[in-house]
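[1] Here you go, sequence then predicted model.
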Amino acid sequence: MHRLLASTALAAGVFGGAWSAAAQDCGNVTLALHNVQSAELLTYVDKFILENGYGCRVETIPGDTVPSTTSMIEKGSPDVSSETWVDLLPEIVPQGLKDGKIVYGAPALPDGGIQGWWIPRYLADAHPDIKTVEDALAHPELFPDPENPDKGVIFNGAEGWGATVVTAQLFKAYEAEKKGFNLMRPGSAAGLDGAIARAYERQEGFITYYWAPTALLGRYDLVLLEPNAEQDAAEWQRCITNLDCPDPKVTAWPVDTVMTVVTKAFADRIDPAIMDYFNTRGWSNDTVASLMAWQAENQAMGEDAALHFLEENKDIWTKWVPAEVAEKVEAAL
C-alpha cells in the first residue's frame, strides 16, 4: 500500500505540469462519494481516470443516495453520482429526468443490484424449511434481538439509504412486529456491518437487510430469503418507498437498475469525450465483489483499492477510454 501511495505521489510530481494545462480543457468536476463501498470504489476509479487521463480537477463530495441525488436535481451539485440505485428513488429520479435536471450515463452495474433480507447460512442449513420471509417470521425465537431476547430482530440499513425506508415499509407490510420482531436501526453502514459480524461470529440467528455485490457477503455466507409475493412496481412506487405511507402491501425487491447519473448542466458543458467515458464505463458484480474482498483483506482505503483495480485489470478499464487516454492513466500508475 505504501508503494501505491508513493507511486501516486511521484506521478503527481512528474505529470503535474501536464495536468495544469489539460485541466483548463476539462475544468472542475465534482463526484458524489456515497457511503456504499462499491459506489466509493467506482468514484475513486473515476477520479483517477478523470484526473490523469483527461486532466480534470476532481473534488469528491461525501453523501448518500437520497441527499446526493436530491442535491443534483435541486442545486446542480455534485456533477456526477458514479453509482446510483435509481429504483430506490422512484419519485426523485424520474422527475429529475423529466425536468431535464439529470441524465443517465452507462449502467454502473450492468448485472443490476440484488437487495433483500438475508439469514446466515448456518441457520438456513439447520432449518431447511425456512425459505421465505414468512417462514422466517414464523420463528422469532431463532433470530433473538440482542437487546431483547424475547423478540426476534431484523437489522435495517443506515440512515439516508433508500433501502432503509424500503425495509421499514416491508416490516409493516409483513406485520413483523405482531409476529414478535423488532426492527433494529444501526444508524450507519459500519453499525450494520458490526451487528452482522458480531451475530455471525457468535453463530447467532438474525435477519438483515443487505445487498450484492458486497465484500461482506464474500466474508459471511448469507442466504437471501425468498419474498412472499411477486414484484409489484406500482405498489413499490406507491408505498414501499414512501415512509409516510400507512398501508404497504408485501412485494418483492426488484433487481435494481444501477446507473451513473450526471446533472444535465454538467453533460452540456463538459467536453463530449468526458461524457463518452461516463456513457461507456461500468463493471460486473463479480469484478467489484472481488475488488471489495481485496480491499477488506488488505484493510485498504478506497483510493488504494481503486489503484489496485487499475493496475490489475487493464483489460477491463482500457476498453472504457481511447488509447491515448489509457496511455496517460498507465503512465500515472
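    Happy to help now that I have it.

[2] Just the mean pLDDT for stretch 293-308, thanks.
    Over the span of stretch 293-308, the pLDDT mean works out to 94.

[3] and what of stretch 282-289?
    In this model, stretch 282-289 has a mean pLDDT of 90.

[4] again with stretch 135-149
    Over the span of stretch 135-149, the pLDDT mean works out to 96.

[5] residue ranges with poor pLDDT in the stretch 151-300 of the chain?
    By pLDDT under 70, the stretch 151-300 of the chain contains no weakly predicted segment.

[6] Burial check on Leu310, number of neighbours?
    If you count neighbours by other C-beta atoms under 10 Å, Leu310 ends up with 21. No exception for glycine: its C-beta is placed from N, CA and C like everyone else's.

[7] what packs against the helix or strand where it lies?
    Here Leu310, judged by DSSP states H and E, is contained in helix 302-312. Helices and strands touching helix 302-312, as assessed by 3 or more C-beta pairs under 8 Å, 6 or more residues apart in numbering; DSSP states H and E, comprise helix 2-26, helix 37-54, helix 285-297.

[8] For Tyr122, pull up the helix or strand it's in.
    Here Tyr122 sits within helix 121-126, counting by DSSP H and E.

[9] average pLDDT across that helix?
    Computed over helix 121-126, the mean pLDDT rounds to 98.

[10] got the buried residues for it?
    Of the residues in helix 121-126, those buried under the neighbour-count criterion (16 or more other C-beta atoms under 10 Å) are Leu123, Ala124.

[11] repeat for stretch 67-80
    By neighbour count on 16+ other C-beta under 10 Å, the buried set for stretch 67-80 is Ser68, Thr69, Ser71, Met72, Ile73, Pro78, Asp79, Val80.

[12] One more: stretch 223-230?
    Leu224, Leu225, Pro227.

[13] Next one: the first one from Trp211, what distance?
    Look at Leu224 and Trp211: by C-beta to C-beta, to the nearest Å, they are 10 Å apart.

[14] can you list the domains in this structure?
    Here the domain assignment for the chain is 2-112+257-332, 114-240, based on automatic domain parsing.

[15] Dump those domains to CSV, plus distance to Lys249.
    Below are the domains of the chain laid out as CSV (distance: least, C-beta to C-beta, whole Å):
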stretch, distance to Lys249
domain 2-112+257-332, 15
domain 114-240, 5
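
[16] quick one, what contacts Asp247?
    Cys239 (C-beta atoms under 8 Å, 6 or more residues apart in numbering).

[17] With the one 3 residues further on instead?
    By C-beta under 8 Å, 6+ apart, the residues touching Val250 are Leu170, Ala173, Tyr174, Pro227, Asn228, Ala229.

[18] from those residues, which ones fall inside helices?
    Within those, membership in helices is found for Leu170, Ala173, as judged by DSSP state H.

[19] List just the nearest of the contacts of Val250 to Ile130.
    For Ile130, the closest of these turns out to be Asn228, at 12.5 Å, with distances computed as C-beta to C-beta.

[20] coming back round to it: only the buried residues of the helix holding Leu310, if you could.
    Counting neighbours by 16+ other C-beta under 10 Å, the buried set in helix 302-312 is Gly302, Glu303, Asp304, Ala305, Ala306, Leu307, His308, Phe309, Leu310.

[21] residues near Pro110, how many?
    The criterion is other C-beta under 10 Å. On that basis, Pro110 has 11 neighbouring residues.

[22] The one 5 residues further on too?
    Neighbours of Gln115 under the rule other C-beta under 10 Å: 23.

[23] could you pull out the strands for this protein?
    Defined through DSSP state E, the strands belonging to the chain, from first to last, are 28-34, 57-63, 80-85, 102-107, 114-120, 144-145, 148-155, 181-184, 207-212, 222-224, 258-263.

[24] Could you identify which of those strands is most buried?
    Counting by mean count of other C-beta atoms under 10 Å, strand 80-85 has the highest mean neighbour count of the strands of the chain, with a mean of 28.

[25] what about dumping the CA coordinates of that strand to PDB?
    These are the backbone C-alpha positions of strand 80-85, laid out as PDB (Å, rounded to 0.1, in the frame of the first residue of the first chain):
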ATOM      1  CA  VAL A  80     -21.800  13.100 -11.100                       C
ATOM      2  CA  SER A  81     -23.000  10.200  -9.000                       C
ATOM      3  CA  SER A  82     -20.900   7.300 -10.200                       C
ATOM      4  CA  GLU A  83     -23.300   4.600  -8.800                       C
ATOM      5  CA  THR A  84     -26.900   5.400  -8.100                       C
ATOM      6  CA  TRP A  85     -29.500   2.700  -7.300                       C
END
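
[26] Thanks again, I'm all set now.
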